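**Student:** Attaching a predicted model along with its sequence, questions to come.
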Amino acid sequence: MTCELCDEPGGDVWWTDDLMRVVHVADNDHPGTCRVIANRHVKECTDLTPIERASIMNAVFAVETAMRAVLSPDKVNLASLGNLTPHVHWHVIPRFEDDPHFPSPVWTGPLRPRSAGALDPETLARLKSEIVAALAS
């Protein structure tokens, strides 16, 4: 069986260690979206050791904190579904009241036309810098 998160990074890798990586996902409907992805193939969070689970969740919270500081979203969605890609990964999605899906989940049909688009390079660099700094400490 092939796994896209074993075979591909899953986005632009911004930070990595032995356990996981944090990637930025190019999503014009939800700019700034990141994923925290386990490096080894593991299907469920409970397949990780307690220390690994805590480390991954700390990374998820660090990404959320950086997003809130840099992007000031109206809400941040955290999701770990894995139905299509059964490999532990967390979506960290900044949500804005004018995004195409708000207040519905990002995986539903759009309620309005796209309003945002990609982040400007300076904001994207600030977000990356905040995430890397948080995870390096």
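**Tutor:** Looks like it came in fine. Numbers count the residues shown, from 1 in each chain.

**Student:** how near is Met67 to Pro9?
**Tutor:** 20 Å (C-beta to C-beta, to the nearest Å). Yep, even glycine has a C-beta here, placed from its N, CA and C like the rest.

**Student:** Those two: which is more packed in?
**Tutor:** In terms of neighbours (other C-beta atoms under 10 Å), Met67 is the more surrounded of Met67 and Pro9; the figures are 22 against 14.

**Student:** residues touching that one, list them.
**Tutor:** The neighbours of Met67, taking C-beta atoms under 8 Å, 6 or more residues apart in numbering as the test, are Gly32, Cys34, Pro73, Val76, Val92, Pro94, Leu127.

**Student:** Could you dump those into TSV with secondary structure and neighbour count added?
**Tutor:** As requested, these are exported to TSV (DSSP: H, G, I helix; E, B strand; the rest coil; neighbours: other C-beta atoms under 10 Å):
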residue	secondary structure	neighbour count
Gly32	coil	25
Cys34	strand	28
Pro73	coil	19
Val76	strand	17
Val92	strand	24
Pro94	strand	26
Leu127	helix	23
